[in-house]
Every structure is written in C-alpha cells, then in structure tokens.
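Visitor: Sequence and computational prediction follow.
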Amino acid sequence: MHPEPVSNAEMASPRERILDAARRIFLDGPPEQATMDAVAQQAGMSKKTIYREFKSQLELLAVLLAESVADFGVYPPPKPGDDIELELYGVLARIITHVTSPRSTALARLLITEIRRYPELVKQNSGKRYHIELLAQWLASPEVRKAYDIGDPHEAASMLFSMVLQDAAFRLILPYAPTIPCHVFETRARKAAAIFLRGVKR
C-alpha cells in the first residue's frame, strides 16, 4: 500500500501558510472579512500560532507591502537605438497594470483603513511611491536625457501617471467600484507618452 501524497499546503512552513492565508483574506476577499481571525481560520491554525510567526498585524501587512513592491519587477533603461516613445509606453503600461491590479488596489484600501491604527507603517513608507520612483529612474537614464529635456524626473513621472489614471485613482480604492478595462489605461498610456515626449523634445 502506497502512502498518501503530501499536499503542498502540508509541506509549506507555518509562515508560508499564514502568508498564503493573508493574501487570500486581505487581498482576494471582501474587505469586511479582512481580519486576523479570518486569516487564522483560512490557515487552519490558532491566532496564537500566527503571532508566534508575526508579532502583530502590522508586521504581516508590512510583508504584504514588501511583496507588492517586489512584484513591480525591473525596468531596464532604454538602449541606444531604442524607440523612446514606444519604450516609455511599455514602462507606463506595465506599471499601471500592476498599480490597478485587484491585489494592489485591495492592499491600498487595506493600508488606508489601517492608517489610524498603524501610522508607523505609513511613516516607514512615506515618500516611497514606488511606481513614481521606478518611472523617475527610467526617465533619468542617459538615453532619455540625451533626446529629451526632462527637468525633474519625479515631477515628470507624477504628471505622466496623472495623465493615465485621471479620475480612476479615487475609484480604484472604492470597494465594489466598477472595474476599468485594461485597454482604457493602455490607450491613455500611449497618448500620455506621445504628448509628454513631444513637449520635452530637445
């Protein structure tokens, strides 16, 4: 008789099981059910066990935030001969896709609701608007600077994101708000890249 195969869930460490449960509850589930009790139930363990791995809900949220930042990925600067407008469109579209994904918007809503309880989480990340930082670094690269007169890359990045998101930024953090189709953001990103670069061309 063969032993029963061990499931992935059973093989995972307690910490991974908790993180997987937290992603399902905090990022995939309805906002009103986003509690540590629900995480414990989803993970199939007691809250006491959870708090042995994560000292507080703040620590758990900080890990989810760090994961979200890591998920942005890498945006290499353009190389000589690249079509800057096409490359900028691609960078904008990729970052916007991440920012507007269901999990990213769920995390943003969660952080907003927890600001009063955990102000230190916001303080630790104040000024770190990762999507702005990534685009600003890309705009500051030598190949872009060679062809375009971009004064402040951070200011330029903020402006570009405003052009793409427009009225959607507020709607995205409202639970149960109608989703905005990806093609809308892609069209805006293409237009924003063209309009912006036209205005700063050397």
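Guide: Received it, and whenever you're ready, just let me know what you need.

Visitor: in this structure, which segments are predicted with low confidence?
Guide: 1-11, 120-128, 168-178 (pLDDT under 70).

Visitor: Which segments of it make up each domain?
Guide: 13-54, 73-200 (automatic domain parsing).

Visitor: Leu61 is nearest to which of these?
Guide: domain 73-200 (6.0 Å; C-beta to C-beta). All C-beta atoms are positioned from the backbone trio N, CA, C, and that covers glycine.

Visitor: And the closest one, how far out from the chain middle?
Guide: Centroid separation for domain 73-200 versus its chain: 10 Å, with C-alpha atoms, centre = their mean, to the nearest Å.

Visitor: end-to-end on that domain?
Guide: Using C-alpha to C-alpha, to the nearest Å, one end of domain 73-200 lies 27 Å from the other.

Visitor: hmm, back to that, save the domains of the chain as CSV, and put in distance to Val63 and mean neighbour count too.
Guide: Converted to CSV, the domains of the chain look like this (distance: least, C-beta to C-beta, whole Å; neighbours: other C-beta atoms under 10 Å):
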stretch, distance to Val63, mean neighbour count
domain 13-54, 7, 16
domain 73-200, 11, 15
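
Visitor: For the ones you listed, give me TSV that also has distance to Ala66.
Guide: Conversion of those to TSV gives the following (distance: least, C-beta to C-beta, whole Å):
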stretch	distance to Ala66
domain 13-54	11
domain 73-200	10
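
Visitor: could you pull out the helices for this protein?
Guide: 8-11, 14-22, 36-43, 47-53, 57-70, 84-99, 102-114, 119-124, 130-139, 142-147, 153-165, 168-172, 182-200 (DSSP state H).

Visitor: Select, out of those, the one closest to Asp28.
Guide: That would be helix 102-114 among these, by C-beta to C-beta, at 7.2 Å.

Visitor: Show me what the closest one packs onto, helices and strands only.
Guide: Using 3 or more C-beta pairs under 8 Å, 6 or more residues apart in numbering; DSSP states H and E, the elements in contact with helix 102-114 are helix 57-70, helix 119-124.

Visitor: So for Ala189, which of these sits nearest?
Guide: helix 57-70 (20.3 Å).

Visitor: I'd like to know which elements that closest one is packed against.
Guide: helix 14-22, helix 36-43, helix 102-114, helix 119-124.

Visitor: which residues are contacting it?
Guide: 18-19, 22-23, 26-27, 36, 39, 50, 54, 103-104, 107, 110-111, 114, 118, 120-121, 124-125, 130 (C-beta atoms under 8 Å, 6 or more residues apart in numbering).

Visitor: buried set for that helix?
Guide: 57, 60-62, 64-65, 68 (16 or more other C-beta atoms under 10 Å).
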